[in-house]
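S.K.: Coordinates only, no sequence provided:
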């Protein structure tokens, strides 16, 4: 079982805030200290945890966000550790790289891919169609949604998409 102990660095930055240091212990032989790149004021840090005031202020919201970021960083380190097949290969460099990976993952924007139904509805919306034709397309859309739900009764992870439509599936729909 991995344990995390938090401590504040003695060095302070311009805003009189110190960086939180994380002591990670995976076993008796594997103990490392890494920097979290998160800064807190000394008055807000009490013995291995962050003291968040109860009164709603801008400082409180900032502390709550930093606390959530710290907790997600610790969870990310644990996930990466448990994914690793060779636990003995864990080192300080690996932990530093994992922290960097956490912040890089956070910065990269996630692109949303449009699903089958989104594209279908968009095509119907931008195409000039008569009211009767549009309603028949919407009937087809509802039939496809029902077919997807039917397939999900046997395979819960089934999602109708452009990648998995085959000729046999079309025959199954008809």
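M.R.: That came through fine. All of these numbers come straight from a predicted model, not from anything done at the bench. Numbers count the residues shown, from 1 in each chain.
S.K.: Can you list the buried residues in stretch 142-155?
M.R.: Going by neighbour count (16 or more other Cβ atoms under 10 Å), the buried part of stretch 142-155 is 144, 151. (Glycine included, C-beta is placed from N, CA and C.)
S.K.: begin at 57 from here
M.R.: Happy to do that; since the first residue is 57 now, the last one works out to stretch 198-211.
S.K.: Show residues contacting that stretch.
M.R.: 172, 173, 176, 214, 215, 216, 228, 229 (Cβ atoms under 8 Å, 6 or more residues apart in numbering).
S.K.: from the residues you listed, which is closest to residue 96?
M.R.: Using Cβ to Cβ, residue 215 is the member of these that sits closest to residue 96, with 42.4 Å.
S.K.: That closest one belongs to a strand?
M.R.: No: under DSSP: H, G, I helix; E, B strand; the rest coil, residue 215 sits outside any strand and is assigned coil.
S.K.: Let me know how buried it is, in neighbour terms.
M.R.: Using other Cβ atoms under 10 Å, the number of residues around residue 215 comes to 13.
S.K.: which residues touch it?
M.R.: Per Cβ under 8 Å, 6+ apart, neighbours of residue 215: 171, 172, 204.
S.K.: From the residues you listed, which land in helices?
M.R.: Among the contacts of residue 215, the members falling in helices are 172, 204 (criterion: DSSP state H).
S.K.: With distance to residue 101 and pLDDT as new columns, can the contacts of residue 215 be given to me in a markdown table?
M.R.: Below are the contacts of residue 215 laid out as a markdown table (distance: Cβ to Cβ, whole Å; pLDDT from 0 to 100):
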| residue | distance to residue 101 | pLDDT |
| --- | --- | --- |
| 171 | 45 | 80 |
| 172 | 49 | 83 |
| 204 | 50 | 88 |
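S.K.: and of the contacts of residue 215, the nearest to residue 108?
M.R.: Using Cβ to Cβ, residue 171 is the member of the contacts of residue 215 that sits closest to residue 108, with 39.1 Å.
S.K.: after the longest helix along the chain comes which helix or strand?
M.R.: In the chain, ranked by residue count with DSSP H as the criterion, the top helix is helix 114-139. Towards the C-terminus, the helix or strand next in line after helix 114-139, according to DSSP states H and E, is helix 148-163.
S.K.: Any regions of the protein where pLDDT drops low?
M.R.: Regions of the chain meeting the criterion pLDDT under 70 cover residues 57, 163-168.
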